[in-house]
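**Q** Need coordinates for the following:
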Amino acid sequence: MHSDFKVSVCMITYGHEKYIRQAIEGVLMQECDFEVELIISNDCSPDMTDEVVQDIVKNYPKKSRIKYFKHEINLGIMPNLFFSLEQCTGKYVAMCEGDDYWITKDKLQKQVDILENNEDGGLVYSNAKHYIEKTGEYLEFPYKDIKNPNQIIPEMLKSKFIEFASTVFRKKILDTVLETLREELKGKVIGDTRILLETIYISKLYYLNEVSCVYRILDGSASHPMTIDKFIFTLQDSYFCRKSFVQRNNLNRAWLSDSICNTNRILINKAFVVNSCLDTIHLLKNILILDTFKYCKWNVFKKKMNLSIWIKFVLSLIGIGVLRQKLK
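**A** Numbering: from 1, shown residues only. The predicted model follows:
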C-alpha cells in the first residue's frame, strides 16, 4: 500500500436515512493500494440519518478511516459542502453525496491511477446510471468522451455530462476552484456544474469508460424541487452558473445558446402542465428574452424553439394548458 498519499471521499448528507447506508458501503468496499478516508458531513438531518451512520461507524473495523461530523444547526448545501471539503486531507478528492452510490470495487483505484499517470489532469470521471426513485427505473445514457479539448467546455455549457458521484479531483486544483467560487456559491443550489466548469477550464479532463456509480433522482431534492418557486430558482441557477462562468473567463457568449433555449423550453413545457394560472404566469415571465436576443445563435434557436414549443407557449398564455389540467 502506498503511504505517500491518500484519497478523501467527500459525502454530504441531509435527510438520506433510506439511502446513506448504500452510499457509505459503496465507499467502504473499495479495494485500493492507497489509504482512503471517508468524510461524512450530516447537515442536521431531521430523520434517522445520524443513527444509521453511527451504527455503521460503530461496527466498521477500520472506523478510524471514517470522519463523521453532525451539525447541530442546518448550514445549507453549499456551506456544508465547503465544510466537508475543508476536512479532506487527501491528495485526491472523490465525490459521493448521501443519496448516490458506487457500484464497482475498483472505481477509486482506476481513477486515481489515471491521475497519477497524468500530472496535467485535474479531474477524472466515469459513466453513471440514473435511478429514478419514484418508479424504480434505471436509465443508462451514452456518455461523452470528448476527444477535442476545445469542445469540452462548449459541450458542458450545453448540458452537464458528468455526474458528481463519478468524479475524482486533484485536490490542489479543486482548492483553487473553490477559492474562485466561494462568494458566487453563497445561497446557490447548483454547485457541481460550477465546480466542474472551473476545473476543466484550468486543468485537463480524463475519462474512465465504465459505469462506476448510480445517481439517484429524488422528487423534492435540491436538484429536483417540487414547488414552482424552487423549480424556477434551481432552473435559473443552472443557467446563470453557466453565464457567470462565460463572463468571468471572457469566453464566447454564443456558447450559451443551447442553455438559453433549454431553459426557455423547460419553462414553457412546465407552464403547459401546471394547473394554476398564477404558476403559469410565474413560469412564463422568467423566460430569458433579453439573453435570447443577445447571445443565442439563430440556428440553435430555430432548432430548439420549434413549432410544438411555440404552440405550447401560446396555449399556456391563453390558459388552455391550465384548463386541460383541470379537465384531467
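**Q** quick one: what helix or strand has L283 in it?
**A** Following DSSP states H and E, one finds L283 within helix 277-284.
**Q** Report all helices and strands that that helix contacts.
**A** Here helix 277-284 touches helix 228-248, helix 257-273, helix 307-317, helix 320-327, going by 3 or more Cβ pairs under 8 Å, 6 or more residues apart in numbering; DSSP states H and E. For glycine as for every other residue, the C-beta is placed from the backbone atoms N, C-alpha and C.
**Q** Any chance you could list what contacts it?
**A** Contacts with helix 277-284, where a contact means Cβ atoms under 8 Å, 6 or more residues apart in numbering, come from 228-229, 232, 267-268, 270-271, 274, 313, 316-317, 319, 321-322.
**Q** what ranges of the protein fall below the confidence cut-off?
**A** Residues of the chain meeting the criterion pLDDT under 70: 1-4, 63-64, 321-328.
**Q** That one: strands as residue ranges?
**A** Applying DSSP state E to the chain gives strands spanning 6-13, 35-42, 66-70, 92-95, 101-102, 121-132, 137-140, 168-170, 204-217.
**Q** Which of the ones you listed sits closest to V246?
**A** The closest of the strands of the chain to V246 is strand 204-217. By Cβ to Cβ, the value is 17.8 Å.
**Q** And that closest one, what's buried?
**A** The neighbour-count check on strand 204-217 (16 or more other Cβ atoms under 10 Å) flags K204, L205, Y206, Y207, L208, V211, S212, C213, V214, Y215, R216, I217 as buried.
**Q** same check, this time on stretch 147-157
**A** Those would be I152, I153, P154, E155, M156, L157, for stretch 147-157 by 16+ other Cβ under 10 Å.
**Q** okay if I get the residues you listed as JSON lines plus distance to L283?
**A** Shown next, in JSON lines, are the buried residues of stretch 147-157 (distance: Cβ to Cβ, whole Å):
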{"residue": "I152", "distance to L283": "32"}
{"residue": "I153", "distance to L283": "29"}
{"residue": "P154", "distance to L283": "28"}
{"residue": "E155", "distance to L283": "27"}
{"residue": "M156", "distance to L283": "26"}
{"residue": "L157", "distance to L283": "23"}
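**Q** by how many degrees do the helix holding L283 and helix 307-317 diverge?
**A** Inter-element angle recorded for helix 277-284 and helix 307-317: 140 degrees (by axes from the mean of the first three to the mean of the last three Cα atoms, to 10 degrees).
**Q** if we can go back for a sec, which stretch among the helices and strands packed on helix 277-284 is buried most, on average?
**A** With neighbours defined as mean count of other Cβ atoms under 10 Å, the helices and strands packed on helix 277-284 peak in mean count at helix 257-273, which reaches a mean of 21.
**Q** quick one: contacts for the residue most central in space within the chain?
**A** The residue lying closest to the centre of the chain (Cα atoms, centre = their mean) is D192, at 4.2 Å. Neighbouring residues of D192 by Cβ under 8 Å, 6+ apart: M95, K160, F164.
**Q** ok, now G76?
**A** By Cβ under 8 Å, 6+ apart, G76 lies in contact with D43, G187.
**Q** Same question for K304.
**A** By Cβ under 8 Å, 6+ apart, the contact set of K304 is D258, C261, N262, R265.
**Q** Mind doing that once more with 7 Å?
**A** C261, N262, R265 (Cβ atoms under 7 Å, 6 or more residues apart in numbering).
**Q** just Y206 next, same as before
**A** Y206 makes contacts with I114, N118, G121, V124, as judged by Cβ under 7 Å, 6+ apart.
**Q** Please repeat the previous calculation with a cut-off of 10 Å.
**A** 111, 114-115, 117-118, 120-125, 145, 168 (Cβ atoms under 10 Å, 6 or more residues apart in numbering).
**Q** and it, what are its bridge partners?
**A** V124 (DSSP bridges).
**Q** cool, L38 as well?
**A** V9, I66.
**Q** That one - how many residues pack around it?
**A** Neighbourhood size, L38 [other Cβ atoms under 10 Å]: 24.
**Q** and if you look at the one 5 residues further on?
**A** D43 has 23 neighbours, counted by other Cβ under 10 Å.
**Q** Relative to L256, how far out is it?
**A** Distance, D43 to L256, by Cβ to Cβ, to the nearest Å: 32 Å.
**Q** so what's Q87 up against?
**A** S8, C10, E37, I39, I40, S41, K67, F69.
**Q** about what we covered before: switch the helices and strands packed on helix 277-284 over to CSV; also include distance to V27.
**A** Formatted as CSV, the helices and strands packed on helix 277-284 follow (distance: least, Cβ to Cβ, whole Å):
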stretch, distance to V27
helix 228-248, 27
helix 257-273, 33
helix 307-317, 42
helix 320-327, 43
